[in-house]
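> sequence first, predicted coordinates after that:
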Amino acid sequence: WDSLRPYTLTQKEKAIYQMVDSIQQVPLYKNIYTVLNTIIGGYYNTKYVGIGPYSKVISFNRLEGARFQIGARTTKEFSRRVRLSTYLAYGTRDEDFKGAAEVELMLRRQLLRKLTVTYRNDAIQLSSGVSALSENNILSSIFSRGGTSRLSTIEEGIALYEHEWLHGISSSFELRGRHISSNRYVPMILPDGRSLHGINDASIRIGLRLSKDETLVRMPFEVRHMGSKYPIFSFDFTGAKRGVLPASYDYLRLEGRMQYRLNLPPIGYSQLMLEGGKIFGKVPYLLLKLHEGNGTYFYDPYAFSCMNFYEFSSDAWISFFYEHHFNGFLLGRVPLLKKLNWREVFVFKGVYGTLSARNDGSLPNTKAVMLFPAGMSSVEHPYLETGFGIENIFRLLRVDCIWRLTHHRAVPGLSIPTFTVNFSLNLKF
């Protein structure tokens, strides 16, 4: 830095550098930094290895019972090119060990070039939303709605290459092979009544993401997308060929989505995501589009709060997730509430999908690969839910009340929520 500066630092500026350097050596500062870094990052970092994530050390669910997990990953001081991570878990009910190992190779940081190779054998919720708490998180266990999760044990290997061509234009290439095992909550029953122990899936996925003037935060091994004032588009093309793995399936899956934040001063801003897709081929229900349910009291903006897991599936679908944040436009006019600085939110979500006869396992004398589990059906009559929320409570908490507007049918042995209250943490300024 000294050799590149056009002007030398003044004595006052040098003193500021010395003060900052000295503060970083103070034990109190180090302790506060360590605690905050652990809370935000989830790992307790030593110089070369991070232990965690702490939120997954213990959890519980119907399939595994009490689950204990220990994990570790290398830090940037170990290498800024390679990151190694692993974890080992054990469930007391199924008495089975699970785990994963991952290698991330950062080939280039500016205009990302990254290769990730993963092996995982674990219990996973297939129909969860992209922003949902993971199924082995202690918070998802504590705030579970109870009896809604249907975990599947999956053994898979993934090789993912990410390539950023230009700022705002990136693509990904993924090879995946996996085995999905059946269990009492996710049975695999053929139309003739016989049971399967599991299915195999071998696929290739090509992804494309397009954005304009998007703000990015580049971490040592990650890129955080902070949004844009323009719509953001992404597309996925997934294909699978029978015979690559024993008893695997032929199909082609096309998906597209659009995310857009529309500023509407002075009444706040809207956030919208539209998603649609189509599956060509005859596949078991586990490879259909399993619409995103929510089994916890935490709010997921890209899942349906009053929908159970494995409740609806489609092989052609379109869905939307809409929120409008009023930024206090209404509550800010109420004299007493104005001092609280609470902000109101409107929520509206829906999905419409169809199932071809070859994939509808709920039909009598079905020609589908498998029978649907109890409670699963198509969503050819649109599913809708709506609600309102209050955010910026203590600058952090958000509370949403969500009502289910359609599909109030009763399913024997299953609880179908018509109303729920969700919580989430969102730091507002």
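Noted; the coordinates are in hand.

> hey, let's count contacts and neighbours off CA atoms from now on
OK.

> list the buried residues of stretch 408-417.
residue 416 (16 or more other C-alpha atoms under 10 Å).

> may I have that stretch exported as CSV, CA atoms only?
The C-alpha trace of stretch 408-417 is given here as CSV (Å, rounded to 0.1, in the frame of the first residue of the first chain):
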residue,chain,number,x,y,z
HIS,A,408,-60.4,-27.2,2.9
ARG,A,409,-61.0,-30.9,2.3
ALA,A,410,-60.7,-33.3,5.2
VAL,A,411,-58.1,-36.1,4.9
PRO,A,412,-58.5,-39.0,7.4
GLY,A,413,-55.5,-39.2,9.7
LEU,A,414,-54.0,-35.9,8.5
SER,A,415,-54.3,-32.4,9.9
ILE,A,416,-54.9,-29.7,7.2
PRO,A,417,-54.1,-26.2,8.6
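
> contacts for it, please.
Applying C-alpha atoms under 8 Å, 6 or more residues apart in numbering, the external contacts of stretch 408-417 come out as 306-308, 375, 404, 418.

> neighbours of residue 159, how many?
Applying other C-alpha atoms under 10 Å, we find 17 residues neighbouring residue 159.

> can you tell me how far it is from residue 249?
20 Å (C-alpha to C-alpha, to the nearest Å).

> likewise residue 383?
29 Å.

> which of the two has more residues huddled nearby?
Neighbours were counted for residue 383 and for residue 249 using other C-alpha under 10 Å; residue 249 has more, 23 against 19.

> how would you label the residue lying closest to the more buried one once chain neighbours are set aside: helix, strand or coil?
Of all residues not flanking residue 249 in the chain, residue 242 sits nearest, at 4.5 Å (C-alpha to C-alpha, 6 or more residues apart in numbering). For residue 242, the assignment made with DSSP: H, G, I helix; E, B strand; the rest coil gives coil.

> which residues sit in contact with residue 242?
Under the contact definition (C-alpha under 8 Å, 6+ apart), the residues listed for residue 242 are 248-250.

> now the helices for this structure?
Counting by DSSP state H, the chain has helices at residues 11-23, 27-41, 138-142, 335-338.

> who wins for proximity to residue 47 among those?
In terms of C-alpha to C-alpha, the element of the helices of the chain nearest to residue 47 is helix 27-41, at 11.6 Å.

> what segments of the stretch 101-250 of the chain are strands?
Taking DSSP state E, counting those that start in this stretch to define them, one finds strands in the stretch 101-250 of the chain at 113-124, 152-166, 169-181, 198-210, 216-218, 223-225, 232-240.

> next, format these as TSV and append distance to residue 97 and mean pLDDT.
TSV is the format used below for the strands of the stretch 101-250 of the chain (distance: least, C-alpha to C-alpha, whole Å; pLDDT from 0 to 100):
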stretch	distance to residue 97	mean pLDDT
strand 113-124	8	96
strand 152-166	11	96
strand 169-181	15	97
strand 198-210	18	97
strand 216-218	35	90
strand 223-225	32	90
strand 232-240	29	97
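
> any stretches of the chain with poor pLDDT?
Applying pLDDT under 70 to the chain flags residues 1, 29-31, 33-34, 131-134, 147-148, 427-429.

> again, only using 50
Scanning the chain for pLDDT under 50 picks out nothing.

> center of it, which residue is that?
Centroid-nearest residue in the chain, with C-alpha atoms, centre = their mean: residue 130, separated by 2.5 Å.

> skipping adjacent residues, who's closest to that one in space?
Spatially, and ignoring its direct neighbours in sequence, residue 130 is nearest to residue 302 (6.6 Å; C-alpha to C-alpha, 6+ apart).

> what number of residues lie near that neighbour?
21.

> hang on, it packs against residue 257?
No. Judged on C-alpha atoms under 8 Å, residue 302 makes no contact with residue 257 at a distance of 11.7 Å.

> so who does residue 401 touch?
Neighbouring residues of residue 401 by C-alpha under 8 Å, 6+ apart: 387-389, 419-422.
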